[in-house]
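Trainee: Kindly generate the corresponding structure for this input.
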Amino acid sequence: MSDNQKEASIACIPFFKGLSAPDLMAILGITSTKNFGLNENLFNQNDPSDGLYVLLSGKLQIYIFSGFSGKPPKVLAELSPGQYVGEMGLLDGQTRSASVKTLEPSEVMFIPTVGFAVLLESHPQIARVVTNALCDLINNQSKLIIRSTKAALIKEKRLAAMLPNMKALCAILREHNKNIAIGSK
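Mentor: Coordinates of the predicted model:
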């Protein structure tokens, strides 16, 4: 796959929409490409997060374990080329909330957490776009109420574009998603 195709793949990720070509190329500069065979796991539930995976070719399945011995895993989603997984872990380093395996031989582009953190420091526009995307995610949650002195900063997308703030926004989203999942059982 060419650099232009890889750039187009990451440009479609909501976190990176609106970035300039030089910023997208900076992100591409820290990526690597990995190939996986049929039924190989990219990572497992509760593994440490190491980065974001963009599917370039093949098919992936996201699933969680039921928690009951002998019960089959619950399939959450199947991903097609251009889709991605691990965006929160890219920023907050929390353990993986699900497992991901291939349904056919697959090629992925990997953006490592450590390299991305360094990139955020040296490319303030990337940090701003990612922070704004997280604010948008929070602002678009109809049942999410934030009781914090920073609520107005989130609503108006004026929160400082720094990794600790991105981690806090991820924590809000993870907690909200967990509450939704518990409520839907």
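Trainee: Would you map the strands across this protein?
Mentor: With DSSP state E as the criterion, the chain has strands at 32-36, 41-43, 51-64, 74-79, 84-85, 99-112.
Trainee: want to throw those strands into a markdown table with distance to Ala133, mean pLDDT and mean neighbour count?
Mentor: No exception for glycine: its C-beta is placed from N, CA and C like everyone else's. As requested, these are arranged in a markdown table below (distance: least, CB to CB, whole Å; pLDDT from 0 to 100; neighbours: other CB atoms under 10 Å):
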| stretch | distance to Ala133 | mean pLDDT | mean neighbour count |
| --- | --- | --- | --- |
| strand 32-36 | 23 | 96 | 14 |
| strand 41-43 | 23 | 96 | 19 |
| strand 51-64 | 13 | 94 | 20 |
| strand 74-79 | 19 | 90 | 14 |
| strand 84-85 | 13 | 92 | 21 |
| strand 99-112 | 15 | 96 | 19 |
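Trainee: Turn those into JSON lines, columns for distance to Arg158.
Mentor: Output for the strands of the chain, formatted as JSON lines (distance: least, CB to CB, whole Å):
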{"stretch": "strand 32-36", "distance to Arg158": "35"}
{"stretch": "strand 41-43", "distance to Arg158": "34"}
{"stretch": "strand 51-64", "distance to Arg158": "26"}
{"stretch": "strand 74-79", "distance to Arg158": "33"}
{"stretch": "strand 84-85", "distance to Arg158": "27"}
{"stretch": "strand 99-112", "distance to Arg158": "27"}
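Trainee: tell me which residues in the worst-scoring helix or strand of the chain on mean pLDDT are buried?
Mentor: Among the helices and strands of the chain, helix 3-11 carries the lowest confidence by mean pLDDT, DSSP states H and E, at a mean of 78. The neighbour-count check on helix 3-11 (16 or more other CB atoms under 10 Å) flags 6-7, 9-10 as buried.
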